[in-house]
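S.K.: For reference, the sequence and a predicted model appear below.
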Amino acid sequence: MLARSLLSSLTRSTRSPLSVLHRRARAIRTTALVRAPATAHVLKPREFAQAPAPVDDVEDSQPQTDRSHFSKLRFADAPISENSKSAIRHEYLTDVQEATLQLGLNGVDLLVQAKTGTGKTTAFLLPAIERLARGPTPAQGNISILVLSPTRELAMQIHKEALSLLTNHPLFVQTVIGGASMGEQKRMLAKRRCDILVATPGRLLDLLETTNLSDQLGNLQTLVLDEADRLLDEGFMRSLTSMFKFLPDRKEKPRQCMLYSATLSKDIKEIAKLYLTPDHQFVSTLREDEVNTHQHVSQSSVIAPMDDILKATLKVLQDDVAEHGNSSKAMVFCTTAKGTSATAQLLKNAGYGSLPQVFEIHSRMTQGQRTYVANKFKAARSAILVTSDVTARGMDFPGVTHVVQVGLPSSSEQYIHRLGRTARAGKAGKGTIILTPAESAFLRTREMSSIPIQPHPTIDLSSLPEINLTDAIDQNLVIQAYNSWLGFNVSFMKLLRLSRSEFVDEANRYARGVLGWANKEVGPPVSRATALAVGLQGVKGLNTNTEEFSQSRRSNSEGGGEFGMRRRSFNHDRRSGWGARAEGGEDRGSFRPRRSDDGQGRDQRREGSEEGGAFRPRRRDDGQGWSQRREGNEEGSAFRPRRRDDAQGWTGRGPRREGNEDGGSFRVRRQNDGQGWSGDRPRREDGERSRPSSGQHWMGRGRRE
Ligand SMILES: Nc1ncnc2c1ncn2[C@@H]1O[C@H](COP(=O)(O)OP(=O)(O)OP(=O)(O)O)[C@@H](O)[C@H]1O
């Protein structure tokens with residue numbers, strides 16, 4: 001509290017931004033960093049010779065250290081068929097598997113919350129398969145189980161798990177996801193048996209609209225929403241709503257609906273009720289007072305000045321290698337696709353010889369590249385995956401020893417899901433979040449304050465050579481990553497307690513200190529449209545040199561090579577979709593600020609953003625906390641959460657409805673605490689209220705596909 005009020009008083013002060021930042025840095029407990037003497041040698045960029053290659057097909061060799069999420073029930077004793085038993089390679093059910101098995105077998109609707117990595121996939125697949133297997137085998141052409149996943153990689157992983165559970169059943173699974181050939185998917189659905197369909201929402205809707213898939217779903221028995229809170233969030237709401245129109249009416253053809261996630265906020269639970277029968281069961285394996293992260297995962301925070309962020313990241317990764325040797329396997333989460341690509345390039349150079357092989361994955365890569373990298377990392381005994389949020393949820397990479405989060409996660413939920421990539425199925429793991437002093441405000445938000453994150457012990461940077469950033473990274477990528485950083489972080493300006501000029505200073509420190517932008521006079525260029533979109537036009541220190549910016553985009557689109565520098569054409573954009581444009585760049589003139597890169601391309605784009613300016617960032621409207629503040633436009637009334645006004649979907653705009661279909665009684669729960677819709681736009685430097693920067697006013701200009 002003291003730090004908070006100190007920060008707010010500092011922000012209100014009229015001192016120069018620099019002195020405010022320095023004072024603020026002192027007021028916040030930063031991680032002690034021991035630096036190298038001035039004579040440290042300079043690491044020259046060089047051809048990147050790969051560190052030890054990953055070992056393919058390595059089983060997860062980490063021992064289980066925590067059995068608190070396992071039940072005492074053996075699969076051998078569970079009320080399931082021999083066909084299923086003989087396919088399962090685990091001995092005991094996890095607690096969520098035990099808690100939901102009988103209910104699932106009874107066909108009850110379920111809303112389930114259980115911690116990350118506790119076996120939710122088997123928990124929903126097994127009863128669904130068993131129920132199906134107990135009846136007469138459906139005629140070919142009927143899809144009995146539909147599983148929706150927010151991401152393509154997760155859909156493929158669920159497919160694999162289903163395949164394994166079906167080993168001894170005469171049932172088949174198919175998967176339809178964006179980024180893969182729709183023609184091939186149509187052919188396979190028409191030709192081959194498909195009892196379980198795993199799908200991402202956008203592609204499913206495409207197929208429903210263009211084929212007779214809805215007929216195949218006419219006898220749907222079970223519908224599962226994995227990562228339900230993500231699927232029920234506004235980004236997916238539109239395609240989910242449209243998709244439901246293709247499914248048979250539940251009153252005529254009853255079906256079971258199961259919603260699973262590790263994180264279910266109060267609001268999401270309310271929304272979820274609209275998809276569930278009134279007698280549905282809510283199952284949570286979390287005790288009421290329990291923190292939603294694993295107790296056996298040590299979590300720490302490194303608070304370091306921007307200039308040291310990269311070095312601190314490098315050192316944390318090196319320490320993991322020192323601790324785990326050739327079993328060290330880390331994931332480094334960054335916020336935007338371009339930022340991910342830049343960080344990967346920098347770590348490859350700076351970590352040369354001291355880190356295992358560095359992979360990168362984000363939405364700017366083709367699906368083929370993403371799948372290749374995901375498989376490589378899965379199979380690797382020791383490697384580093386620098387990743388955007390495309391892998392934050394659900395992905396089960398065996399043996400991850402350390403999750404490192406660099407910069408702000410988009411929400412406390414996202415922090416939990418990212419951290420959940422380690423310490424799965426009772427294994428050990430570690431999490432470190434690396435933030436600047438300004439960003440450390442995230443840790444003091446209400447949602448985060450209950451999560452046991454300890455200050456990281458002193459980090460000794462003295463063994464690190466100076467990193468010659470400028471030569472280590474393509475300068476066009478720096479420009480793109482800088483623009484993405486602005487787009488993503490602008491929504492956090494208020495939380496960070498930064499004025500607009502302080503924010504631009506911070507962005508320029510990121511450009512120079514983290515990305516190695518060489519020009520000391522001006523920061524990397526942004527276009528005027530971007531500056532306007534993020535509400536930073538005319539702010540001192542922002543380089544709105546349109547020509548310079550366009551040049552960088554041209555060079556970028558001509559570049560090939562690295563995954564992160566994919567050549568972009570209109571067709572590419574169509575395929576890569578929203579996710580590919582989500583980082584705050586200006587592709588096709590439709591800048592979209594403030595989305596972390598969990599974009600799955602078309603899947604998300606069609607639901608959220610470009611259809612007549614309908615995209616509205618998610619926001620809870622009671623103005624209480626981090627997750628509410630992060631998504632909204634903080635500058636006045638530019639958006640309204642879309643409300644749901646029937647059992648099926650969201651329409652129109654307006655305050656979020658609290659209840660369900662019981663007579664349309666809307667309750668506006670917001671508090672006018674200065675976070676929200678009723679004004680309180682940040683003042684411009686000249687004292688005028690700024691224009692809404694992320695509202696429909698420019699949102700609507702995006703191309704509709
Ligand atoms: N009963 C079990 N015993 C041991 N391991 C299990 C069991 N059930 C599942 N697992 C393994 O646990 C790991 C995590 O499972 P899964 O991916 O289903 O977790 P999850 O709860 O869905 O995680 P997330 O919340 O991240 O999506 C997988 O490697 C899976 O094979």
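M.R.: That came through, no problem.
S.K.: Flag every residue of the protein that's near the ligand.
M.R.: Within the chain, the residues that sit near the ligand (Cβ under 6 Å from any ligand atom) are 90, 92-94, 97, 114, 116-122, 262, 394, 396, 420, 424-425. Using the backbone N, CA and C atoms, a C-beta is placed for each residue, glycine as well.
S.K.: Which of those residues fall in helices?
M.R.: Mapping the residues of the chain next to the ligand onto helices (DSSP state H) picks out 97, 120-122.
S.K.: Most neighbours among these, please name it.
M.R.: Counting neighbours by other Cβ atoms under 10 Å, Gln97 comes out on top of these with 28 neighbours.
S.K.: The closest residue to that residue other than its chain neighbours: what's it in contact with?
M.R.: Of all residues not flanking Gln97 in the chain, Ala123 sits nearest, at 4.6 Å (Cβ to Cβ, 6 or more residues apart in numbering). Counting by Cβ atoms under 8 Å, 6 or more residues apart in numbering, Ala123 touches 94, 96-97, 100-101, 104, 112, 114, 260.
S.K.: rerun that using 10 Å as the cut-off
M.R.: Counting by Cβ atoms under 10 Å, 6 or more residues apart in numbering, Ala123 touches 93-101, 104, 110, 112, 114, 258, 260, 283, 285.
S.K.: go on, Tyr260?
M.R.: Tyr260 touches 96, 100, 110-114, 120-121, 123-124, 147, 224-229, 283, 394, counting by Cβ under 10 Å, 6+ apart.
S.K.: Partner strands of the helix or strand that it is a member of, with direction?
M.R.: Following DSSP states H and E, one finds Tyr260 within strand 256-261. Partner strands and pairing direction for strand 256-261 (DSSP bridges) are strand 110-113 (parallel), strand 222-226 (parallel).
S.K.: Present those as TSV; the columns should include mean neighbour count and mean pLDDT.
M.R.: Converted to TSV, the strands paired with strand 256-261 look like this (neighbours: other Cβ atoms under 10 Å; pLDDT from 0 to 100):
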stretch	mean neighbour count	mean pLDDT
strand 110-113	23	97
strand 222-226	24	98
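S.K.: Tell me which of those lies nearest to Tyr415.
M.R.: Evaluated with Cβ to Cβ, these place strand 110-113 nearest to Tyr415, the distance being 16.4 Å.
S.K.: I'd like the C-alpha coordinates of that closest one written as CSV, please.
M.R.: Extracted C-alpha coordinates of strand 110-113, given in CSV (Å, rounded to 0.1, in the frame of the first residue of the first chain):
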residue,chain,number,x,y,z
LEU,A,110,-19.9,-30.2,-15.9
LEU,A,111,-18.0,-27.0,-15.2
VAL,A,112,-14.6,-28.1,-14.0
GLN,A,113,-11.6,-26.2,-12.6
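S.K.: So what touches that strand?
M.R.: Outside strand 110-113, the residues touching it (Cβ under 10 Å, 6+ apart) are 96, 99-100, 103-104, 120, 123-124, 127, 224-225, 228-229, 256-264, 268-269, 272-273, 275-276, 280-286, 292.
S.K.: so for the top helix by length along the chain, what's the average pLDDT?
M.R.: Under DSSP H, the helix in the chain containing the largest number of residues is helix 306-324. Averaged across helix 306-324, pLDDT comes to 94.
S.K.: Any buried residues in it, and which?
M.R.: Using 16 or more other Cβ atoms under 10 Å as the burial criterion, the residues of helix 306-324 that qualify are 306, 308-321, 324.
S.K.: go on, stretch 322-334?
M.R.: For stretch 322-334, the neighbour count (16+ other Cβ under 10 Å) marks 324, 327-334 as buried.
S.K.: and which of these is nearest the ligand?
M.R.: Checking the buried residues of stretch 322-334 against the ligand by Cβ to the nearest ligand atom gives Met331 as the nearest, at 12.4 Å.
S.K.: OK, contacts around the closest one?
M.R.: Taking Cβ under 10 Å, 6+ apart, one finds 359, 361, 377, 383-387, 391-392, 395, 397, 400-405, 418-419, 421-422, 431 in contact with Met331.
S.K.: Just these: which are in helices?
M.R.: 377, 418-419.
S.K.: Redo the residues you listed as CSV? Include neighbour count and pLDDT.
M.R.: Below are these laid out as CSV (neighbours: other Cβ under 10 Å; pLDDT from 0 to 100):
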residue, neighbour count, pLDDT
Phe377, 23, 97
Arg418, 24, 97
Leu419, 29, 96
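S.K.: Need those in CSV (columns: distance to Gln480).
M.R.: Listed next are the ones in helices among the contacts of Met331 as CSV, based on distance: Cβ to Cβ, whole Å:
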residue, distance to Gln480
Phe377, 24
Arg418, 23
Leu419, 28
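S.K.: Let me know the closest of those residues to Gln475.
M.R.: Nearest to Gln475 out of the ones in helices among the contacts of Met331 is Phe377 (Cβ to Cβ; 28.1 Å).
S.K.: Tell me how far that closest one lies from the ligand.
M.R.: Note on Phe377: its distance to the ligand, by Cβ to the nearest ligand atom, to the nearest Å, is 14 Å.
S.K.: got a list of what the closest residue to that residue other than its chain neighbours touches?
M.R.: Excluding the flanking residues, the one nearest Phe377 by Cβ to Cβ, 6+ apart is Leu385, at 4.7 Å. Each residue near Leu385 by Cβ under 10 Å, 6+ apart is listed here: 329-333, 340, 344, 357-361, 373-374, 376-378, 391, 395, 397, 400, 421.
S.K.: Run through the residues that contact Asp393.
M.R.: No, residue 393 isn't Asp; it's Arg. Shown in contact with Arg393 (Cβ under 10 Å, 6+ apart): 116, 149-151, 153-154, 226-227, 229-230, 261-263, 413-414, 416-418, 420-421, 598.
S.K.: Tell me the buried residues in stretch 79-88?
M.R.: Applying 16+ other Cβ under 10 Å to stretch 79-88 flags 80, 83-84, 87-88 as buried.
S.K.: Over to stretch 212-230?
M.R.: Here stretch 212-230 shows 213-214, 216-217, 220-230 as buried, counting by 16+ other Cβ under 10 Å.
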